[in-house]
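*Asks:* Sequence first, predicted coordinates after that:
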Amino acid sequence: MQQPPLSFRIKAMERELDVQLFRRKARGVELTEAGRVFLDNARAMLAHFDQTFETTRRTARGELGQICVGVTPMSTFHPFVARAIRTFRESFPLVSLRLEEVISDELVERVRNGRIDVAFTRTPVAHPDGLVVNSLLEEPLMLALPSEHALAGTNGGAALSLKRLAQETFIVYGPPGSGLIEATTTACHAAGFNPRIGQAALVSRRR
């Protein structure tokens, strides 16, 4: 800025503040005490603006703020989930990450209504409308039998045909209608029988 408009701006500020910011000397000017205070505060304000802009940009890039991640019971012990959470924390150390543990169906609803930001679920999402669902890995359903069961060890370690379980009573994991029970039932129906459910192992829900 050239000298005439600069002098005009300074005089305008002095009139508005009703203080003298500069002391005129024969060769130039010097700040008054009020002028030094004004300058220090102006510099602090500009620095605060710069910090605010940068913080806003970093938040928009996902480098600041907080995220709520939904997980199913015990899934935090899965190597894939634990590695993903650890990698995120290493990549974004200034983001506060909170875990919320509930069953799969409820996780999907909490993502849908915005109560959590993202979720790891181990069963297919039945109604993905309004959601973005990414398949990260595939896991087989496993069968556990007592060692004295007639079918235990009969296949030499190879996979056991699901049809051979048609007369067995199943102990399944989760409440009625949960993802794992639905997956088990669907697999049995594909094998040509309706599974006989003897007991469902329930898990507590954390609010």
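*Replies:* Looks like it came in fine.
*Asks:* what's the next secondary structure element after the strand or helix carrying residue 87?
*Replies:* Residue 87 belongs to helix 79-91 when elements are defined using DSSP states H and E. Following helix 79-91 in sequence order, the next helix or strand is strand 95-101 (DSSP H and E).
*Asks:* C-alpha coordinates for that following strand, PDB please?
*Replies:* What follows is the C-alpha trace of strand 95-101 in PDB, where atoms were taken according to Å, rounded to 0.1, in the frame of the first residue of the first chain:
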ATOM      1  CA  VAL A  95      -8.900 -38.300  15.700                       C
ATOM      2  CA  SER A  96     -10.700 -39.600  18.800                       C
ATOM      3  CA  LEU A  97     -12.000 -43.200  18.000                       C
ATOM      4  CA  ARG A  98     -14.800 -44.700  20.100                       C
ATOM      5  CA  LEU A  99     -15.900 -48.300  19.700                       C
ATOM      6  CA  GLU A 100     -19.500 -49.400  20.200                       C
ATOM      7  CA  GLU A 101     -20.300 -53.100  20.600                       C
END
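*Asks:* Can you tell me the strand partners of it and which way each runs?
*Replies:* Pairing partners of strand 95-101, with direction, according to DSSP bridges: strand 65-71 (parallel).
*Asks:* Contacts for the partner strand next, please.
*Replies:* For strand 65-71, the external contacting residues (Cβ atoms under 8 Å, 6 or more residues apart in numbering) are 59, 81, 85, 95-102, 107, 110-111, 115-121. The C-beta positions use only the backbone N, C-alpha and C, and glycine is treated the same way.
*Asks:* how much does that strand deviate in direction from helix 79-91?
*Replies:* Angular relation of strand 65-71 and helix 79-91 on a 0 to 180 degree scale: 180 degrees, by axes from the mean of the first three to the mean of the last three Cα atoms, to 10 degrees.
*Asks:* still on that earlier bit, show me what the helix holding residue 87 packs onto, helices and strands only.
*Replies:* strand 95-101 (3 or more Cβ pairs under 8 Å, 6 or more residues apart in numbering; DSSP states H and E).
*Asks:* after the strand it packs on, next one along is what?
*Replies:* The first helix or strand that comes after strand 95-101 along the chain, using DSSP H and E, is helix 104-112.
*Asks:* Flag every buried residue along that following helix.
*Replies:* Residues of helix 104-112 classed as buried by neighbour count (16 or more other Cβ atoms under 10 Å): 104-108, 110-111.
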